[in-house]
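A.B. asks: Whatever this is, show me its structure:
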Amino acid sequence: MPRWGLLVEQNLGFGGQRRVWSGGVIDHVDGTREEALEVLRQRAEEYRPVHPTSPKRRRLYRERDGFVLVLDGAWQSFHCRFTVIEQLYDSAEPKPVPRPEDVPRPPQAREPEPDPRPEPGHPLPLSPPPPPPSAPEEPRAWDADVPEVPSWLNRDRPS
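C.D. replies: Numbering: from 1, shown residues only. Have a look, this model is predicted:
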């Protein structure tokens with residue numbers, strides 16, 4: 001079954017000369033090209049591009065391989081292009097994680113340890129008593145010169 005990338009291309013950056021046309025894959029669809037186009041249409045309808053931040057008007061057009069979203073801003077129009085592209089390979093595709101039942105067990109694998117809990121009706125062993133509460137620590141010598149409430153907080157006056 002083919003895997004389809006959902007590509008969006010849009011202008012990034014600010015100012016007339018600092019804007020860059022940039023693209024990125026926003027999702028993948030495993031299935032037919034028509035299924036991928038339907039998912040792409042939904043994503044294009046919901047998409048919130050970088051420019052303009054508060055569009056006055058949105059228009060979505062269909063083309064052969066995808067869609068074009070045209071947005072009218074306060075001073076100029078912007079557009080985003082959405083395209084379905086077939087993924088042929090991925091050099092960093094994660095390897096599938098084997099299920100535990102598919103992994104062969106080594107012959108020297110031990111059986112699970114028996115349950116250490118006693119049988120029903122058998123008295124439970126007593127747990128050791130908790131340690132006695134410790135006495136509060138004495139202030140260290142380096143803490144002696146630090147007041148409990150700093151004077152810069154204006155809290156050194158009695159209430």
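A.B. asks: now the strands for the chain?
C.D. replies: With strands called from DSSP state E, the chain shows them at 3-12, 20-30, 57-63, 66-72, 77-87.
A.B. asks: name the helices or strands packed onto the third one?
C.D. replies: Under the contact criterion of 3 or more Cβ pairs under 8 Å, 6 or more residues apart in numbering; DSSP states H and E, strand 57-63 touches helix 33-46, strand 66-72. Just so you know, the C-beta spots here come from the backbone N, C-alpha and C atoms, and that holds for glycine as well.
A.B. asks: So, low pLDDT: which residues of this structure?
C.D. replies: 14-17, 95-127, 135-159 (pLDDT under 70).
A.B. asks: re earlier: quick check: which of the helices and strands packed on strand 57-63 is nearest to Q10?
C.D. replies: Between Q10 and these, the tightest spacing by Cβ to Cβ is seen for strand 66-72, at 8.8 Å.
A.B. asks: okay, the angle between that closest one and strand 3-12?
C.D. replies: For strand 66-72 against strand 3-12, the angle by axes from the mean of the first three to the mean of the last three Cα atoms, to 10 degrees is 20 degrees.
A.B. asks: Report the buried residues of strand 66-72.
C.D. replies: Using 16 or more other Cβ atoms under 10 Å as the test for burial, strand 66-72 gives 66-69, 71.
A.B. asks: Make TSV out of the helices and strands packed on strand 57-63 and add distance to G5.
C.D. replies: Formatted as TSV, the helices and strands packed on strand 57-63 follow (distance: least, Cβ to Cβ, whole Å):
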stretch	distance to G5
helix 33-46	9
strand 66-72	11
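A.B. asks: so which of the ones you listed gets nearest V8?
C.D. replies: Nearest to V8, of all those, is helix 33-46, at 7.9 Å by Cβ to Cβ.
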